[in-house]
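Chemist: 3D, please:
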Amino acid sequence: MSEEFVWPTEPPIVVNNVMGSDVSLLKEKFGALSQKDDLYSRICIGNSVISLEPYRGCTLRCAYCMANNDIRGLNDVSMKDSAIIRKPEKLYDSSILLDALVRHPAFIRDKTVIGFCTGSTEVFLKDVNDNVWKAMEHMVSLELRNPIWLVVKSFGECDFNKWNKRFRFLSDHGIRVIISITDAGLPASVEPFQPISRFEPFKGLVESGVVLSHHLRPILPGISTYDTLLSALEKSNGIVSSVCIGGLRIDPGMKLFWKSQEDYEYIPGNQAKELDERLETEIRNAATDMGLPVFLHSSEMISYHLGINDYNLNKYRLEKGCFLNLGADAGYIENACGTSDITSILHEIACSIKLNVHFNKKNGGIITIDEELGYPELHALIQAIGHSNIFQENCR
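Modeler: Numbers count the residues shown, from 1 in each chain. Next up is the predicted model:
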């Protein structure tokens, strides 16, 4: 494999009519940096993180799992025999994937938030956790200080004392860890994994410097109610330091699961997340009453706990037809950086991750770009700008 990775990534490969189900899936995971069967096909960039995906398959079998949304996540069997791989299967050693990530231009040393198994399996499953630890330990050997973000449902059969020491070791070497524990009080037909509490096993990890957040997701239309969400929220009260709420993005692969369910039927739409505004307001108020900060975006939650400005630039990316709408902040940034042209600042940031992107500034702080960027390139650019510190001061 070449030591030098060159943009752009290849267009995603779509496989039609998967297993005779009329469903089309991506060959590789969403946001994969490569469409080849190589290391970069198991490194995926998203809104909040660049995730290493050394495994495929998960025993928890959640109906909305992203593990269902690529061909590598499936067995070549008929629908009635269950298409979803249950036992995790190792594709690569996690430390080898970390070495590949470090070589990639999208990676920013000490800043890029690194995830593990975010879209494929559970980090703390028996057959997964020790391999994932190898990459975390390797981060220390490479003297990296990049934050780690884990999204989990279970502490599995892991040795608490062992992981408590591991997280303390990471903290002692300047690596901050955020663990988002997912629980939205969903029924067993949607989430077969139903422990008494998902939060109690993680409680003591706070002593080792880990930040715990409640991923109150997904809130499902027609299934989630205020009572079920409040019950889930009460289970995490006194254990977590924040709450991140959100709806469900119905990706095509979920249809493979929902078709076999008698109780519910979900038809993939335009991939927009559905979130009941009334439920959002009610549960936000309940969490606030518990003294917990509430977020709608994972990146905002991560930014809050890391003490940086929103590196996903959510408040600037709300308007269609432009890359960023900076408003008056464009002038503040220019003054702080001692320039009259913010586009040159943004171009320099793009070049730092080897993207030769040219920016235009219009009236009102509207920033556009000339190039048509693929999903990985676009989100690598957004993260690079967010991590650049230009929004740290003198902005609203």
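Chemist: Residue 123 is in contact with residue 132, correct?
Modeler: Yes - with contacts defined as C-beta atoms under 8 Å, residue 132 counts as touching residue 123 at a distance of 5.4 Å. (Each C-beta comes from the backbone N, C-alpha and C, glycine too.)
Chemist: For this protein, which element, helix or strand, carries the lowest mean pLDDT?
Modeler: Of all the helices and strands that make up the chain, the one with the lowest confidence by mean pLDDT, DSSP states H and E is helix 254-258; it has a mean of 60.
Chemist: Who are the contact partners of residue 353?
Modeler: The neighbourhood of residue 353, defined by C-beta atoms under 8 Å, 6 or more residues apart in numbering, consists of 105-106, 108, 380-381, 384.
Chemist: any idea which of those residues has the most stuff around it?
Modeler: Per-residue neighbour counts (other C-beta atoms under 10 Å) across the contacts of residue 353 peak at residue 380, which has 28 neighbours.
Chemist: For that residue, report the pLDDT, please.
Modeler: Among the per-residue scores, residue 380 shows a pLDDT of 96.
Chemist: where's the residue lying closest to it once chain neighbours are set aside, which helix or strand?
Modeler: Taking C-beta to C-beta, 6 or more residues apart in numbering as the measure, residue 380 lies nearest to residue 106, with 3.8 Å between them; neighbours along the chain are not counted. Counting by DSSP states H and E, no helix or strand carries residue 106.
Chemist: So what pairs up with residue 55 in the strands?
Modeler: Beta-bridge pairing for residue 55 (DSSP bridges): residue 90.
Chemist: could you say which helix or strand contains residue 178?
Modeler: Using DSSP H and E, residue 178 sits in strand 177-182.
Chemist: following that strand, which helix or strand comes up?
Modeler: Using DSSP H and E, the helix or strand that directly follows strand 177-182 along the chain is strand 211-216.
Chemist: picking up where we left off before, what's the overlap in contacts for residue 132 and residue 123?
Modeler: The contact sets of residue 132 and residue 123 overlap at 116-117 (C-beta under 8 Å, 6+ apart).
Chemist: hang on, the earlier thing: I'd say the residue nearest to residue 380 and residue 45 touch.
Modeler: Yes - Residue 106 sits in contact with residue 45 when judged by C-beta under 8 Å, with a separation of 6.3 Å.
Chemist: coming back round to it: let's have the contacts of residue 353 in TSV, adding distance to residue 218.
Modeler: Supplementary listing: the contacts of residue 353 in TSV, determined by distance: C-beta to C-beta, whole Å:
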residue	distance to residue 218
105	33
106	27
108	29
380	26
381	28
384	29
